[in-house]
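Visitor: the following block contains a protein sequence and its predicted model.
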Amino acid sequence: MASITDILTAIQNGVTAANNLSSILTSATANSSSLRVTIASTIFAPSSAAVFSIAKQLFTSGSATYTPNPNLVFCIVECIGGGGGGGGSSGVANYSIGAGGGGSGSYSRLYATAASIGASKPVTVGAGGAGGAAGSFSGSSGGTTSLGGLCIANGGSGGAFTTSGAFGAGGTYGAVGVGDFATNGSYGFAGNYITGSGLSVVGSGGQGGASIWGGGGQGGINGAGSAAVGVGSGGGGGAVNIAATSSGGAGGNGIVLITEFLHG
(Lines give C-alpha, C1' and ligand atoms only; values in the text may rest on other atoms or scores of the structure.)
Protein backbone atom coordinates (compact mmCIF):
# COMPACT_ATOMS: atom_id res chain seq x y z
CA MET A 1 0.00 0.00 0.00
CA ALA A 2 1.34 3.44 -0.94
CA SER A 3 2.33 5.72 1.92
CA ILE A 4 1.13 9.31 2.34
CA THR A 5 4.61 10.46 1.26
CA ASP A 6 4.35 8.44 -1.97
CA ILE A 7 0.92 9.88 -2.68
CA LEU A 8 2.01 13.47 -2.08
CA THR A 9 5.13 12.94 -4.24
CA ALA A 10 2.94 11.65 -7.06
CA ILE A 11 0.67 14.68 -6.71
CA GLN A 12 3.69 16.99 -6.83
CA ASN A 13 5.05 15.26 -9.95
CA GLY A 14 1.66 15.52 -11.61
CA VAL A 15 1.40 19.23 -10.94
CA THR A 16 4.93 19.76 -12.27
CA ALA A 17 3.92 18.06 -15.50
CA ALA A 18 0.78 20.20 -15.61
CA ASN A 19 2.89 23.35 -15.25
CA ASN A 20 5.08 22.27 -18.15
CA LEU A 21 1.97 21.70 -20.25
CA SER A 22 0.70 25.11 -19.18
CA SER A 23 3.86 26.74 -20.58
CA ILE A 24 3.50 24.85 -23.84
CA LEU A 25 -0.11 25.91 -24.25
CA THR A 26 0.73 29.52 -23.45
CA SER A 27 3.52 29.53 -26.04
CA ALA A 28 1.25 28.01 -28.62
CA THR A 29 -1.47 30.62 -28.32
CA ALA A 30 0.08 33.16 -30.69
CA ASN A 31 -2.11 31.83 -33.50
CA SER A 32 -4.90 30.44 -31.31
CA SER A 33 -8.06 31.76 -29.73
CA SER A 34 -8.07 33.59 -26.40
CA LEU A 35 -9.91 30.62 -24.94
CA ARG A 36 -6.72 28.55 -25.04
CA VAL A 37 -4.84 31.32 -23.28
CA THR A 38 -7.49 31.27 -20.54
CA ILE A 39 -7.16 27.50 -20.21
CA ALA A 40 -3.39 27.70 -19.93
CA SER A 41 -3.42 30.46 -17.33
CA THR A 42 -6.25 29.32 -15.08
CA ILE A 43 -6.53 25.53 -15.02
CA PHE A 44 -2.93 24.72 -14.14
CA ALA A 45 -2.08 25.90 -10.65
CA PRO A 46 1.42 27.09 -9.76
CA SER A 47 3.66 24.46 -8.20
CA SER A 48 3.61 26.23 -4.81
CA ALA A 49 -0.08 25.36 -4.41
CA ALA A 50 0.75 21.66 -4.62
CA VAL A 51 2.76 21.59 -1.41
CA PHE A 52 0.50 19.62 0.94
CA SER A 53 0.57 19.38 4.69
CA ILE A 54 -1.51 17.43 7.18
CA ALA A 55 -3.05 18.71 10.41
CA LYS A 56 -5.55 17.35 12.90
CA GLN A 57 -8.23 18.59 15.23
CA LEU A 58 -9.28 16.39 18.15
CA PHE A 59 -12.42 16.71 20.27
CA THR A 60 -12.69 14.53 23.38
CA SER A 61 -15.66 15.82 25.37
CA GLY A 62 -18.72 18.04 25.36
CA SER A 63 -19.91 20.33 22.58
CA ALA A 64 -17.71 22.50 20.39
CA THR A 65 -17.38 23.98 16.92
CA TYR A 66 -15.10 22.66 14.22
CA THR A 67 -13.62 25.54 12.22
CA PRO A 68 -11.52 24.15 9.37
CA ASN A 69 -8.06 25.37 8.49
CA PRO A 70 -8.38 28.08 5.80
CA ASN A 71 -6.18 25.99 3.49
CA LEU A 72 -8.36 22.88 3.79
CA VAL A 73 -8.77 20.80 0.63
CA PHE A 74 -10.45 17.78 2.20
CA CYS A 75 -10.56 15.96 5.52
CA ILE A 76 -11.18 12.54 7.04
CA VAL A 77 -13.65 12.64 9.94
CA GLU A 78 -13.76 9.81 12.49
CA CYS A 79 -16.40 9.54 15.22
CA ILE A 80 -16.88 7.06 18.06
CA GLY A 81 -19.95 7.03 20.31
CA GLY A 82 -19.74 6.86 24.10
CA GLY A 83 -19.53 3.49 25.82
CA GLY A 84 -22.23 2.20 28.18
CA GLY A 85 -21.61 1.88 31.91
CA GLY A 86 -21.41 -1.48 33.68
CA GLY A 87 -24.28 -2.66 35.88
CA GLY A 88 -24.35 -2.80 39.67
CA SER A 89 -24.86 -5.90 41.81
CA SER A 90 -27.02 -6.69 44.85
CA GLY A 91 -26.13 -10.02 46.43
CA VAL A 92 -27.31 -12.45 49.07
CA ALA A 93 -25.67 -15.41 50.76
CA ASN A 94 -25.11 -18.56 48.71
CA TYR A 95 -25.12 -16.70 45.39
CA SER A 96 -22.16 -15.78 43.22
CA ILE A 97 -23.43 -13.18 40.78
CA GLY A 98 -22.11 -10.56 38.36
CA ALA A 99 -23.65 -7.64 36.49
CA GLY A 100 -23.25 -7.07 32.77
CA GLY A 101 -20.58 -4.92 31.16
CA GLY A 102 -21.57 -1.94 29.05
CA GLY A 103 -21.69 -2.06 25.25
CA SER A 104 -19.23 -0.01 23.21
CA GLY A 105 -20.04 2.91 20.94
CA SER A 106 -20.18 2.59 17.16
CA TYR A 107 -17.59 3.96 14.71
CA SER A 108 -18.19 6.15 11.65
CA ARG A 109 -15.74 7.62 9.12
CA LEU A 110 -16.35 10.27 6.47
CA TYR A 111 -14.43 11.87 3.61
CA ALA A 112 -15.49 15.51 3.36
CA THR A 113 -14.40 18.32 1.04
CA ALA A 114 -13.88 21.90 2.15
CA ALA A 115 -17.12 22.80 0.38
CA SER A 116 -19.15 20.25 2.34
CA ILE A 117 -17.68 21.44 5.66
CA GLY A 118 -18.24 25.12 4.90
CA ALA A 119 -17.27 27.79 7.42
CA SER A 120 -17.79 25.50 10.43
CA LYS A 121 -19.69 22.53 11.79
CA PRO A 122 -21.00 21.76 15.30
CA VAL A 123 -19.30 18.95 17.21
CA THR A 124 -20.87 16.79 19.89
CA VAL A 125 -18.83 14.15 21.73
CA GLY A 126 -20.91 11.45 23.38
CA ALA A 127 -20.10 11.02 27.07
CA GLY A 128 -19.48 7.58 28.49
CA GLY A 129 -22.41 6.21 30.46
CA ALA A 130 -22.20 6.19 34.25
CA GLY A 131 -21.70 2.86 35.94
CA GLY A 132 -24.70 1.49 37.84
CA ALA A 133 -24.66 2.43 41.52
CA ALA A 134 -24.01 -0.29 44.08
CA GLY A 135 -27.17 -2.37 44.22
CA SER A 136 -29.89 -3.11 41.69
CA PHE A 137 -28.95 -0.39 39.23
CA SER A 138 -28.12 -0.82 35.55
CA GLY A 139 -25.42 1.21 33.84
CA SER A 140 -26.34 4.26 31.76
CA SER A 141 -26.07 4.42 27.98
CA GLY A 142 -23.27 6.28 26.24
CA GLY A 143 -24.04 9.41 24.25
CA THR A 144 -24.13 10.04 20.51
CA THR A 145 -21.08 11.61 18.84
CA SER A 146 -21.44 13.74 15.72
CA LEU A 147 -20.03 16.32 13.34
CA GLY A 148 -23.17 18.15 12.28
CA GLY A 149 -25.33 15.70 10.37
CA LEU A 150 -22.42 14.52 8.23
CA CYS A 151 -20.85 11.94 10.54
CA ILE A 152 -22.70 10.27 13.44
CA ALA A 153 -21.70 7.45 15.82
CA ASN A 154 -24.13 6.06 18.40
CA GLY A 155 -23.44 5.18 22.03
CA GLY A 156 -23.58 1.72 23.57
CA SER A 157 -26.17 0.79 26.20
CA GLY A 158 -25.46 0.09 29.86
CA GLY A 159 -25.01 -3.36 31.36
CA ALA A 160 -27.90 -4.82 33.36
CA PHE A 161 -27.77 -5.09 37.16
CA THR A 162 -27.83 -8.46 38.88
CA THR A 163 -29.61 -9.88 41.91
CA SER A 164 -30.24 -13.36 43.26
CA GLY A 165 -33.01 -13.64 40.66
CA ALA A 166 -30.84 -13.52 37.50
CA PHE A 167 -27.43 -12.75 36.06
CA GLY A 168 -26.75 -9.33 34.54
CA ALA A 169 -26.88 -9.22 30.74
CA GLY A 170 -24.27 -7.28 28.81
CA GLY A 171 -25.16 -3.94 27.26
CA THR A 172 -26.09 -3.71 23.58
CA TYR A 173 -23.62 -2.32 21.06
CA GLY A 174 -23.95 1.18 19.62
CA ALA A 175 -25.99 0.95 16.40
CA VAL A 176 -24.56 1.79 12.98
CA GLY A 177 -24.48 5.55 12.48
CA VAL A 178 -23.87 7.86 9.50
CA GLY A 179 -20.74 8.10 7.33
CA ASP A 180 -19.00 6.74 4.25
CA PHE A 181 -18.03 3.79 6.44
CA ALA A 182 -19.98 3.01 9.59
CA THR A 183 -19.97 -0.03 11.86
CA ASN A 184 -21.66 -0.97 15.11
CA GLY A 185 -19.86 -1.29 18.44
CA SER A 186 -19.64 -4.54 20.43
CA TYR A 187 -21.77 -6.13 23.12
CA GLY A 188 -20.76 -6.01 26.76
CA PHE A 189 -20.19 -9.39 28.41
CA ALA A 190 -22.72 -10.94 30.78
CA GLY A 191 -21.84 -11.53 34.44
CA ASN A 192 -21.76 -14.93 36.11
CA TYR A 193 -24.56 -16.57 38.09
CA ILE A 194 -23.95 -19.52 40.39
CA THR A 195 -25.97 -20.65 43.40
CA GLY A 196 -25.54 -23.35 46.04
CA SER A 197 -25.53 -23.90 49.79
CA GLY A 198 -22.29 -22.73 51.39
CA LEU A 199 -21.10 -21.36 48.06
CA SER A 200 -17.64 -19.78 48.14
CA VAL A 201 -17.09 -19.19 44.41
CA VAL A 202 -16.16 -15.59 43.65
CA GLY A 203 -18.58 -13.38 41.79
CA SER A 204 -17.40 -12.14 38.40
CA GLY A 205 -18.87 -9.17 36.53
CA GLY A 206 -18.99 -8.94 32.76
CA GLN A 207 -16.26 -7.09 30.89
CA GLY A 208 -17.18 -3.97 28.97
CA GLY A 209 -17.39 -4.20 25.19
CA ALA A 210 -14.30 -3.08 23.28
CA SER A 211 -14.50 -0.24 20.78
CA ILE A 212 -12.49 0.05 17.59
CA TRP A 213 -9.98 2.14 19.60
CA GLY A 214 -9.56 0.26 22.85
CA GLY A 215 -10.73 -2.32 25.36
CA GLY A 216 -13.57 -2.29 27.83
CA GLY A 217 -13.35 -2.10 31.60
CA GLN A 218 -12.68 -5.29 33.53
CA GLY A 219 -15.58 -6.92 35.33
CA GLY A 220 -15.39 -6.81 39.11
CA ILE A 221 -14.19 -9.81 41.13
CA ASN A 222 -16.31 -9.69 44.27
CA GLY A 223 -16.27 -5.95 43.90
CA ALA A 224 -16.82 -2.95 41.65
CA GLY A 225 -16.38 -3.07 37.90
CA SER A 226 -13.55 -1.06 36.34
CA ALA A 227 -13.99 2.00 34.16
CA ALA A 228 -13.42 1.66 30.44
CA VAL A 229 -9.82 1.89 29.26
CA GLY A 230 -10.47 2.60 25.58
CA VAL A 231 -12.22 5.44 23.76
CA GLY A 232 -15.93 4.66 23.54
CA SER A 233 -15.62 1.24 25.21
CA GLY A 234 -17.94 -0.13 27.90
CA GLY A 235 -17.47 -0.21 31.65
CA GLY A 236 -17.16 -3.45 33.61
CA GLY A 237 -20.00 -4.91 35.69
CA GLY A 238 -19.88 -5.22 39.47
CA ALA A 239 -19.98 -8.59 41.28
CA VAL A 240 -20.56 -10.11 44.75
CA ASN A 241 -20.82 -13.52 46.41
CA ILE A 242 -22.21 -12.47 49.79
CA ALA A 243 -25.00 -10.24 51.09
CA ALA A 244 -23.39 -7.06 49.78
CA THR A 245 -23.53 -4.64 46.88
CA SER A 246 -21.06 -3.38 44.27
CA SER A 247 -21.09 -0.80 41.51
CA GLY A 248 -20.36 -0.87 37.80
CA GLY A 249 -17.57 0.99 35.99
CA ALA A 250 -18.11 4.02 33.77
CA GLY A 251 -18.05 3.79 29.98
CA GLY A 252 -15.46 5.67 27.96
CA ASN A 253 -16.16 9.00 26.27
CA GLY A 254 -16.45 9.09 22.51
CA ILE A 255 -14.21 11.12 20.25
CA VAL A 256 -14.13 13.16 17.04
CA LEU A 257 -10.86 13.12 15.15
CA ILE A 258 -10.54 15.24 12.02
CA THR A 259 -7.45 14.79 9.82
CA GLU A 260 -7.07 17.78 7.51
CA PHE A 261 -5.25 17.76 4.17
CA LEU A 262 -4.08 21.27 3.35
CA HIS A 263 -2.62 23.09 0.37
CA GLY A 264 -0.02 25.79 0.54
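Guide: Perfect, thanks for sending it.

Visitor: stretch 211-228 spans what distance, first to last residue?
Guide: By CA to CA, to the nearest Å, the extent of stretch 211-228 from end to end equals 10 Å.

Visitor: use 314 as the first number for this chain going forward.
Guide: All right, first residue 314 from here; so that's stretch 524-541.

Visitor: just how off-centre is that stretch within its chain?
Guide: Distance of stretch 524-541 from its chain centroid, counting by CA atoms, centre = their mean, to the nearest Å, is 17 Å.

Visitor: how about stretch 558-577?
Guide: On CA atoms, centre = their mean, the centre of stretch 558-577 falls 5 Å from the chain's centre.

Visitor: now that stretch: buried residues?
Guide: Under the neighbour-count criterion of 16 or more other CB atoms under 10 Å, stretch 558-577 has 558-571, 573-576 buried. Glycine gets a C-beta too; all of them are placed from N, C-alpha and C.

Visitor: what average pLDDT does it get?
Guide: Per-residue pLDDT over stretch 558-577 has a mean of 96.

Visitor: and that stretch, end to end?
Guide: End-to-end distance (CA to CA), stretch 558-577: 60 Å.

Visitor: from the buried residues of stretch 558-577, which ones fall inside strands?
Guide: 558-559, 568-571, 573-576 (DSSP state E).

Visitor: turn these into a markdown table, including distance to residue 432.
Guide: Converted to a markdown table, those look like this (distance: CB to CB, whole Å):
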| residue | distance to residue 432 |
| --- | --- |
| 558 | 51 |
| 559 | 49 |
| 568 | 23 |
| 569 | 18 |
| 570 | 21 |
| 571 | 15 |
| 573 | 15 |
| 574 | 18 |
| 575 | 16 |
| 576 | 18 |
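
Visitor: any stretches of the stretch 314-463 of the chain with poor pLDDT?
Guide: For the stretch 314-463 of the chain, applying pLDDT under 70 flags the ranges 314-364.

Visitor: so who does the residue most central in space within the chain touch?
Guide: The centre of the chain sits closest to residue 393, judged by CA atoms, centre = their mean, with a distance of 1.7 Å. Taking CB atoms under 8 Å, 6 or more residues apart in numbering, we find residue 393 in contact with 418-420, 458, 466, 524-526, 544-545, 567-568.
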